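this is a predicted model, with the sequence first.
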Amino acid sequence: MNQVLYRKYRSRSFDEVIGQETVVSILRESILKGSVSHAYLFCGPRGTGKTSIARILSRAVNCENFEKKNDVCNECRNCLSIINEETLDIIEMDAASNRGIEEIRNLKDSINYLPTTLKKKVYIIDEAHMLTKEAFNALLKTLEEPPAHVVFILATTEAHKLPITILSRVQRYDFRLATKDEMVKKLKFILKEEGKKAKDDVWDVIYAKSGGSFRDAESLLGKVISNTESKELDKEYIYKVLGIYSDDEVESFINALLQRDSKGFLKHLNSLKNLSGNINTLIDQVLQSLKEKLVEQTEKGEPINKITEIVNLLIKIKRDIKDFDDKKMVLELEVLSFFNNSSKPALNNAKSIDSKSFKSENKDEKKNVTVAQERIISTEDEEPAISSSVSTDASLAEKIAYHSLITLPRLKAIILNSDVQIENGALVFYNQYKFNVNFLKKSEISQLLNQIVKEIDSSLTSIDFRVGGNSNLDVKISDDQSETFEVQVSSSSDNEISSVNKSDVLEDNSEIIENLL
C-alpha cells in the first residue's frame, strides 16, 4: 500500500526541516550544550511540522553521533530502533482519544522506570489541549519535576486552551505557516522524487488552497498526481481535480457583483460547474480576490466603497448558508435582494427612509410629523441632506485630500469618500465605515489633519470624526435581540422616532475589513 505524500516525505532530520529555522536552531544548540529541557510545548497551526520535529527531537536526545554531525544520524543503534519502532522508550500519546485521568495516572507510573535501551524516555503528547481538567491536574507535578531521564513534548494547535499552570512549566515554541517560497521548495522536491514536473502557475493555486500548511499542500499534491498519468501538471488540471474555479471565472463573478448586473450574475452562476458542493470554495476565492483589489485600490488612494459593500455581503452570505442544504439558492436570493436594495436610497449604507409618519410627543399633545425622503448618506451622484445649521464643503475635502502633507494613499481615499461638513465652526468628517473613522482618530492622523485644516481655513475651531453620512441622524440599537432599530432624527423642534427592520441595515463587518487592510 502506497504511503500518502506527507508521511512518505516527512522530515527525518533537522537539516530537512523547511520553514521553522528558529525553532530548529534553538533545539539543536540546546542539545549540543547539554541543556535539554524537561518539557517542551510545540504550538501552531496544523501541518507546520510540530509532530515531525517532536519525533526528530526524540531521536536527537538519544542519537550517539549527534555531537559529531550536529544533527541526528539516523544510522546509529538508537536512531534505528526509534525509526523502526523497536523501543519502548519513545511513547506517543494522542490526547484526543486518551484524555482522561486514568491514562495520565498510567503515564505517571511508567516514568519512574529507567529507559530500557535509550538514554532518555521521551513522551510525545499530541493534541494536548484535549486533555481534561482532571488529567491536567494529575500531570502538573510530574511535568514540573520529572525524573532526569524523562523528556515531555506536548504538541497542540490551540495553546490558549492549556491551563496557565501547564504553560508555566514548559518551554514554548511557536510554529508558523509556510511562506510560498518554502512551500514551493518542499513540493518541487517531492515532485522530483515522484518523477513529475509542474508549470510555475500551479504553485499559486496549491499554496492558496493549502493556506500555508505543509501537510494540506502535500495532501493536495498527492490527490493531483494520483489522478493523472501526465508527467507535467498544469493549472487547468489542478482546477479540475481540486474543484476550484479559474481566475477568469472569479473575475467575471466579481464584475457582475460590482456592476449590480442581475442577469449577468445569474447567467455566470449557472455556467459554473459542480457549484452545488463548492459554494464555500467560490466565496472564499472571491473574497481572496476582493482582498487583493481592496489593498491595491487603498494603496492607490482610489475609492473602495463598492468593494467593501460586496465583502460585507459575501461574509454575511457565508455565515447564512451554513444552515441550508441548497446553498446556491441562498446565494442567489441574498445577492438579488442586495441588488434590488442597492437601486434604492439607503439606510446607513444601502437604503434611505421613504416618506414615513413619525410620532413625536409635545408638551401638551401628540402630533404626526412627516419626514419625506430624509437622506442619510450621499452617493456619488447625489448631495447629502443637510439642515440649516450644517453646510457641506466638497471643495474643502478635496483641498485637504490633495494637500502636500497627505502622503498616505489610504488617508487620501478615506477623506475623498467622507462627507466633510462644517457645523457651528467645527469641521466634521462623516464616514459610513467604523474602521475608517477609527483610522482618522489615530493621534498622528488627527494631529496632521488638524494642522492642515487650520492652514486652509483658520476660522475652523476644531475637527471631529463620526460614523455616518449625515449629522442629522443617530442610529441606536435598543436591544441586540430585537428585530427593529430605533432611528432618532434630530429636528429643529422635537425628536421623531421610527422603527426600521433590522434586515434593512447592511451588517457592519468593520473589524474583518480592517484585518484585510
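That came through, no problem.

the domain parsing of the protein - what is it?
In terms of domains, the chain is parsed into 5-174, 180-242, 247-342, 353-517 (source: automatic domain parsing).

please state the offset of stretch 68-77 from the chain centre?
41 Å (Cα atoms, centre = their mean, to the nearest Å).

now do that stretch: everything it contacts.
If you take Cβ atoms under 8 Å, 6 or more residues apart in numbering as the criterion, stretch 68-77 is touched by 12-15, 28, 32, 56, 59-60, 63-66, 79-80, 83. Yep, even glycine has a C-beta here, placed from its N, CA and C like the rest.

go with 10 Å
12-16, 24, 28-29, 31-32, 55-66, 78-80, 82-83, 86-87, 117-118 (Cβ atoms under 10 Å, 6 or more residues apart in numbering).

so for it, mean pLDDT?
Taken as a whole, stretch 68-77 carries a mean pLDDT of 93.

give me the buried positions along that stretch.
Within stretch 68-77, the residues that count as buried by 16 or more other Cβ atoms under 10 Å are Asp71, Val72, Cys73, Asn74, Cys76.

list the contacts of Arg410.
Counting by Cβ under 10 Å, 6+ apart, Arg410 has contacts Val295, Gln297, Thr298, Glu299, Lys300, Gly301, Ile304, Asn436, Phe439, Ile445, Leu517.

wait, Asp464 sits on Ile422?
No: at 11.0 Å, Asp464 and Ile422 do not qualify as touching, with contact defined as Cβ atoms under 10 Å.

specify which member of the buried residues of stretch 68-77 is nearest to Leu408.
Asp71 (47.7 Å; Cβ to Cβ).

list the residues that contact both of Asp464 and Ile422?
Val428.

which one of those two is surrounded by more residues?
Neighbour tally, Asp464 and Ile422, criterion other Cβ atoms under 10 Å: the higher count belongs to Ile422, 18 against 15.

wait, a strand at that one?
Yes: membership of Ile422 in a strand is supported by DSSP: H, G, I helix; E, B strand; the rest coil.

my guess is it contacts Ser462, does it?
No: if you go by Cβ under 10 Å, Ile422 and Ser462 don't touch, sitting 11.1 Å apart.

common neighbours of these two, please.
Taking Cβ under 10 Å, 6+ apart as the criterion, Ile422 and Ser462 both touch Val428.

Ser25: which element?
Secondary structure assigned from DSSP states H and E places Ser25 in helix 21-32.

ok, Phe465 next?
Secondary structure assigned from DSSP H and E places Phe465 in strand 462-467.

let me have the contacts of Arg410 in CSV, adding secondary structure as columns.
Putting the contacts of Arg410 into CSV (three-state DSSP) gives the following:
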residue, secondary structure
Val295, helix
Gln297, helix
Thr298, helix
Glu299, helix
Lys300, helix
Gly301, coil
Ile304, coil
Asn436, helix
Phe439, helix
Ile445, helix
Leu517, coil
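
and which of those is nearest to Phe339?
Ile304 (19.5 Å).

run a quick neighbour tally on that closest one.
Applying other Cβ under 10 Å, I find that Ile304 has 24 neighbouring residues.

can we start the residue count at 42 from this point?
Done: numbering now begins at 42, and the last item shifts to Ile345.

contact partners for it?
Ile345 neighbours (Cβ under 10 Å, 6+ apart): 334-339, 352, 451, 454-455, 458, 474, 477, 554, 558.

which one of those has the most neighbours?
If you count neighbours using other Cβ under 10 Å, the busiest of the contacts of Ile345 is Asn477, which has 27 neighbours.

the nearest residue to that residue once chain neighbours are set aside: which element?
Nearest residue to Asn477, sequence neighbours excluded (Cβ to Cβ, 6 or more residues apart in numbering): Ile455, at 4.8 Å. Assigned by DSSP H and E, Ile455 falls within helix 450-457.
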